[in-house]
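K.L.:
sequence unavailable; structure follows:
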C-alpha cells in the first residue's frame, strides 16, 4: 500500500472504533453512569460538569484530544454522552486523527525495519504519561475524600 492509503486506513480504523464508543455513550452511557457511576467514583455532578464542558468546548475537545496519546482513546464515550452531533464527531475525529496517523506512517516509512528503536525511546514517555494520570487520579481521590469528611 502507498503511504496515503495507509494513512486513510489508519483514519478509517480510528473512526470505526471511535464511532462504536460514541454510540455506546449516546445510547445508554448516561443511564449506565447514573446507575453504576458511584462504583467508579462518578456522580451526577460530574455528569453535569462534563455536559457543560462539551456544550462549551465539545468539538474542540474532540479535535484536540485526538492528537494526544492515551486520552485520544477515551474521548469518544464522553462525546456520545454529551450528545455531540454525530456528523461533527465524525468530522473532528477524522480531522484530529489525521496528523497522528500521518506521523505514524511517516515514522514507519522512515524507520523501516528499525522501527523497534522508537519503542525504546517512547517507553519512558509512555510511563511518564501513565504516571501523571495515576497521580492526578490519586490527587482527585484525596481531594474528594476530604470534601466528603467536611
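P.N.:
Noted; the coordinates are in hand. Treat the numbers as computed from the prediction; the structure is a model and nothing was measured.
K.L.:
for the worst-scoring helix or strand of the chain on mean pLDDT, name the packing helices and strands.
P.N.:
Lowest on mean pLDDT, DSSP states H and E among the helices and strands of the chain sits helix 71-74, with a mean of 73. Applying 3 or more CB pairs under 8 Å, 6 or more residues apart in numbering; DSSP states H and E, we find helix 71-74 packed against helix 86-111. Glycine gets a C-beta too; all of them are placed from N, C-alpha and C.
K.L.:
and the helix it packs on, what does it pack onto?
P.N.:
Helix 86-111 packs on helix 3-24, helix 44-65, helix 71-74, helix 76-81, helix 116-149, going by 3+ CB pairs under 8 Å, 6+ apart.
K.L.:
low-confidence regions, the chain specifically.
P.N.:
Scanning the chain for pLDDT under 70 picks out 40-43, 46, 70, 150.
K.L.:
circling back: pick the most buried one from the helices and strands packed on helix 86-111.
P.N.:
When these are scored by mean count of other CB atoms under 10 Å, the highest mean neighbour count falls to helix 76-81 (a mean of 24).
K.L.:
for that one, name the packing helices and strands.
P.N.:
helix 3-24, helix 44-65, helix 86-111.
K.L.:
what's the closest of these to residue 145?
P.N.:
Proximity of those to residue 145 was assessed by CB to CB; the nearest stretch is helix 44-65, lying at 15.4 Å.
K.L.:
what does that closest one contact?
P.N.:
Here helix 44-65 makes contact (CB atoms under 8 Å, 6 or more residues apart in numbering) with 30, 33-34, 37, 71-72, 75, 78-79, 81-84, 88-89, 92-93, 95-96.
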